[in-house]
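Participant: Any chance you could fold what I've pasted below:
(chains A, B, C and D)
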Protein chains: 4
Amino acid sequence: MPLFEGVVPPVVTPLTTAHEVDFDSFDRVVEFLLDAGVHGLFVLGSTSEVVFHNDRTRVELIERALKRAGGRVPVFAGVIDPATDRVIAHARAAQSAGVDAVVVTAPFYARTSQPEIIDHFRYVREALEVPVVAYDIPVCVHSKLERATTTTLAKEGAIAGLKDSSGDDGNFRYVLSDNAGLPDFFAMTGSEIVVDSMLNLGAHGVVPGLANVDPHGYVRLWNMCRAGDVEGARKEQERLCALFEIVRISLPRTSTGSAGVGAFKTAMRSRGVISTNIMARPQRALNDDEARSVDAILSSTGLLG
Amino acid sequence: MPLFEGVVPPVVTPLTTAHEVDFDSFDRVVEFLLDAGVHGLFVLGSTSEVVFHNDRTRVELIERALKRAGGRVPVFAGVIDPATDRVIAHARAAQSAGVDAVVVTAPFYARTSQPEIIDHFRYVREALEVPVVAYDIPVCVHSKLERATTTTLAKEGAIAGLKDSSGDDGNFRYVLSDNAGLPDFFAMTGSEIVVDSMLNLGAHGVVPGLANVDPHGYVRLWNMCRAGDVEGARKEQERLCALFEIVRISLPRTSTGSAGVGAFKTAMRSRGVISTNIMARPQRALNDDEARSVDAILSSTGLLG
Amino acid sequence: MPLFEGVVPPVVTPLTTAHEVDFDSFDRVVEFLLDAGVHGLFVLGSTSEVVFHNDRTRVELIERALKRAGGRVPVFAGVIDPATDRVIAHARAAQSAGVDAVVVTAPFYARTSQPEIIDHFRYVREALEVPVVAYDIPVCVHSKLERATTTTLAKEGAIAGLKDSSGDDGNFRYVLSDNAGLPDFFAMTGSEIVVDSMLNLGAHGVVPGLANVDPHGYVRLWNMCRAGDVEGARKEQERLCALFEIVRISLPRTSTGSAGVGAFKTAMRSRGVISTNIMARPQRALNDDEARSVDAILSSTGLLG
Amino acid sequence: MPLFEGVVPPVVTPLTTAHEVDFDSFDRVVEFLLDAGVHGLFVLGSTSEVVFHNDRTRVELIERALKRAGGRVPVFAGVIDPATDRVIAHARAAQSAGVDAVVVTAPFYARTSQPEIIDHFRYVREALEVPVVAYDIPVCVHSKLERATTTTLAKEGAIAGLKDSSGDDGNFRYVLSDNAGLPDFFAMTGSEIVVDSMLNLGAHGVVPGLANVDPHGYVRLWNMCRAGDVEGARKEQERLCALFEIVRISLPRTSTGSAGVGAFKTAMRSRGVISTNIMARPQRALNDDEARSVDAILSSTGLLG
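Facilitator: Model (predicted):
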């Protein structure tokens, strides 16, 4: 059996108007997700604005998530920074705090080759006890985890799983078939909008940022796919695609990054889960007009009365 | 008069075989550069492998450089990390240590827009007393500091200068003419190989990584350009271009990043300035064969007996 | 009902050792595809090496395909060249020859904007009687047909359908939902490896280059998807994914382009459909070693005894 | 001595309001350029909108240019289309018409490798008698002519020269030094705004699109650089940089391509050289407001009374 299966939202990090973490709202997010039946939590991913947070805040967020989850589901932690030894430092702190796995990207800022990326994961693996999940997100780190890189690392046990946010569905399928003989290995998609397809072709898990807004929807989608309800899954997925249109509302006034997480935060505020839609600096929050457009989509997709 | 003019090498960070900073070698690098007559030092830039170092090491490197320089030349410090508040934390530490200016890139990992990049520099500016130099390095941060962004920041005083490692010489020329009316503003090129051209069209400073290997050459080049010796400058530049071929020796066995700084370190070892050519993990150092090729180029360009 | 549905292979153009079209082999390709039960033919697409052929050869290929098909299935023709008026000239010739639709990309070489791309399709539409299919292939033309561009053109009737070779499955899904209210509109995927997924989410047609090698496989896959046989479709798709590995055999000795179509031609030669695996100049054909690797994959996927 | 030296404008192709070539205006452009003292003419380059024109129009333009030039200066002709055999067909027609050299890009649309690009130039070379100039324009063809590719072709005599529109000044410098031992070889820059720098580091020619608007300026710049008048050259270049700002006026309403050549045409209309500023379809011409902005810049740079 794969080490992990299910819906594991990348947990949004709510902020106060003073740009500090709003831990009360954070607790509510965790409860909101667990109430909906998600199978795991992924803190300190890109959706969590991880690279905006310093070492101390990162540990506090991990500890808070672990405490609130209370062992009900596994907790994964992103340990994301430009280079190996800083990643290891984050990872050791996360491991000490008690996370179930750490999630590691390729190095960034510095330009590294695939062999150096392989070494990067090996160094991280050697320094830790907990499972390591590779995080393929070229839009942020500007290196692709090539199929041969992922498969090499999986086969030698350096990584326990993959979170694929590359949008390259064909490559994802080949990674699945390459590693079909590894019973523990799990591969998760970061997509919000082709989750039904990815589950149908064998994905073990889904990590949709949009699950912060509608965790019940993604849990339903997961259950339908597991039950073989192809038509029901497609309908649910299409509703979630309609909901996902919120990520385009503030473009091009804000960056793509702000538009996406900013829309999630705005929708979560409208749903009463968090208190502000503030983004970490220098990202811009959605404004009032944009928030009204978010609400209109929440209404039309059944999430706002 | 511009706030700064001259040759300001981005100081290489020597490592021990245990991957720790070799501070004795670092002192020797600083002396080597100052003996050659450089006009400033830039620590913790990309050539310094800045993003590989944690908070504590960064402060130690700044303090060591300041101590060793002893006020003989200004010391600039890179304060490079993915987002605003972490940059401000680095910058405050650098300011406390006594640097003459901090050098700041656009945010990275997160995808930000030009207006958000402008805000980023404004936030940094507001939090500090020391001058802020904008660092345009799209090959690492994957955002270009657009001409209008740089000029907006220069005109409102948010930045005191620019270090341009974008390779877009035409844009650099427009930035110079846009800001010709700002007497303090200075623009420096990160190029190694068209320094004569950039000085001729008005650059105030040069920040060549290769100056770690041959600071005397770049100081000569600077002096010739200042003296209007066009022909002499071209000859010196062409010798430095021949020397710069060392950065291609280990390609494609290593990444572009490792190949460049790795070649500088290897050449500095051959010249007796530092003790190892070790690179920060996961980057690969040049091997013995590659080191011999470096030496051959050092010989043919007059740097090795 | 959509104007077209089904499997429509982009027909390979066989060449003689003198680099001329081998029309006898071309006839055999057409028969091979029709015997397998494909629902249409697409001549002069990227897989047909369209841009390598001059005006006269293009018309000859269209006429030959129409004659050989003899009305058994619709014939689409690519009318691909850098700019509007040259595209119109090709399209008028194709229309005169009797094709059922023409397939048009965004302009290339010249850098055009989305509004100019929209105008491009409008000009083509105004000049013709036959249906126009938009061909989204950013890897060749270096412009994406943005969702709003495709939808604008579909809603005003400038295009009858879309062939999507962009690999952006999420965008494809949105184009489908945007145009769900247009009963005639059809959207086809150019993918070889996620055809089951794309059909499941609503694609009306598939245009896999690999169908030149195994048309029976893609027809079976189509029929299984239509019949709701999810598990059977996945198995067939996975066999085709294993077959598709042939496109990587000659990398990096040849370019990506040569590696793909070159592998198709090599496999078709092994299956006795065409006489050579020659590529249009300056593309390199697969060599004998590479051909043996192709044969090994043909054997393991059941296509070679 | 290099085979060619001097200013060789890429000649704009004027159109009528019916989108046909306006040959009377074309004659006036040729006279305007020759009167200003340019050293050669380059017809059917990117600035000439070459890929928009069919075979017949291309030959007519070559013949007209040759006739009008009447042997006063050499005439180069672009022979630009996606693949080898079509390029050879254009090149033979140009050779028959009597051009002094043909200008050839890497293949486009199809994705080719550097070895295939080398073969492309070799095939073209073998098919012709006239000199072949390599045209490096990655922004249009999306392949860079790598330094080793250019040097290989130069050393074996497959190309007589290079036109570099890549914007990679450092690479250009290395190509010059690589081929310094080839007395005939010539390298020309396509830059408008760092011409003084490129001449200073050894360029043999300049091919600025902006020379259609102000040929006298580029001839003056050439003469000053030849005479060693560094300061005069910088001043003239800076005036031309101020003039070059016209290429940004219609952005983002039009594409980059339309904005550049469209601005040249608009300025040439204002200067009385051509009759319309019409662009080949689907490119958009500058509108009246934009034309007024062009005129303002013409006035401030001394070109409009």
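Participant: Would you confirm that A:Val103 contacts A:Thr47?
Facilitator: No - in this structure A:Val103 lies outside contact range of A:Thr47 using Cβ atoms under 8 Å: 11.8 Å. Where C-beta positions appear, they are placed from N, C-alpha and C, glycine not excepted.
Participant: What is the burial count for whichever residue of chain A sits closest to chain D?
Facilitator: Nearest residue of chain A to chain D: A:Pro252, at 10.6 Å (Cβ to the nearest Cβ). By other Cβ atoms under 10 Å in any protein chain shown, 10 other residues sit near A:Pro252.
Participant: With the one 4 residues further on instead?
Facilitator: Using other Cβ under 10 Å, A:Thr256 has 17 other residues around it.
Participant: now the residue of the stretch 101-250 of chain A at minimum distance from chain C, nearest residue through space, not along the chain?
Facilitator: Per Cβ to the nearest Cβ, A:Ser197 is where the stretch 101-250 of chain A lies closest to chain C, at 3.7 Å. Nearest residue to A:Ser197 in three dimensions, chain neighbours excluded: C:Ser197, at 3.7 Å (Cβ to Cβ, 6 or more residues apart in numbering or on different chains).
Participant: quick one: contacts for the residue of the stretch 101-250 of chain A closest to chain C?
Facilitator: Neighbouring residues of A:Ser197 by Cβ atoms under 8 Å, 6 or more residues apart in numbering or on different chains: A:169, C:169, C:194, C:197-198, C:200-201.
Participant: Could you pull up the contacting residues of A:Phe76?
Facilitator: Going by Cβ under 8 Å, 6+ apart, A:Phe76 touches A:8, A:40-43, A:99-103, A:133.
Participant: Just say helix, strand or coil for it.
Facilitator: strand (DSSP: H, G, I helix; E, B strand; the rest coil).
Participant: partners of it in the sheet?
Facilitator: With DSSP bridges as the criterion, A:Phe76 is bridged to A:Phe42, A:Ala101.
Participant: Name the residues of stretch A:68-75 that are buried.
Facilitator: Residues of stretch A:68-75 classed as buried by neighbour count (16 or more other Cβ atoms under 10 Å in any protein chain shown): A:68-69, A:73-75.
Participant: what's the span of it, first residue to last?
Facilitator: End-to-end span of stretch A:68-75 (Cα to Cα, to the nearest Å): 11 Å.
Participant: model confidence over that stretch, on average?
Facilitator: Stretch A:68-75 carries an average pLDDT of 98.
Participant: again with stretch A:155-162
Facilitator: Averaging pLDDT along stretch A:155-162 gives 98.
Participant: So what touches that stretch?
Facilitator: With contact meaning Cβ under 8 Å, 6+ apart, stretch A:155-162 is reached by A:2-4, A:101, A:118, A:121-122, A:125, A:131-136, A:145, A:150, A:153-154, A:175, A:179, A:182, A:184-188, A:204-205.
Participant: Going through those, which ones are buried?
Facilitator: For these, buried by 16+ other Cβ under 10 Å: A:2-4, A:101, A:118, A:121-122, A:125, A:131-136, A:145, A:150, A:153-154, A:175, A:179, A:185-188, A:204-205.
Participant: what stretches of the stretch 51-200 of chain A score poorly on pLDDT?
Facilitator: For the stretch 51-200 of chain A, no stretch is flagged by pLDDT under 70.
Participant: That one: strands as residue ranges?
Facilitator: Using DSSP state E, counting those that start in this stretch, the strands found in the stretch 51-200 of chain A span residues A:75-78, A:101-105, A:132-136, A:161-164, A:186-189.
Participant: how about the ones you listed in CSV, adding distance to D:Ala267?
Facilitator: Shown next, in CSV, are the strands of the stretch 51-200 of chain A (distance: least, Cβ to Cβ, whole Å):
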stretch, distance to D:Ala267
strand A:75-78, 53
strand A:101-105, 49
strand A:132-136, 49
strand A:161-164, 51
strand A:186-189, 52
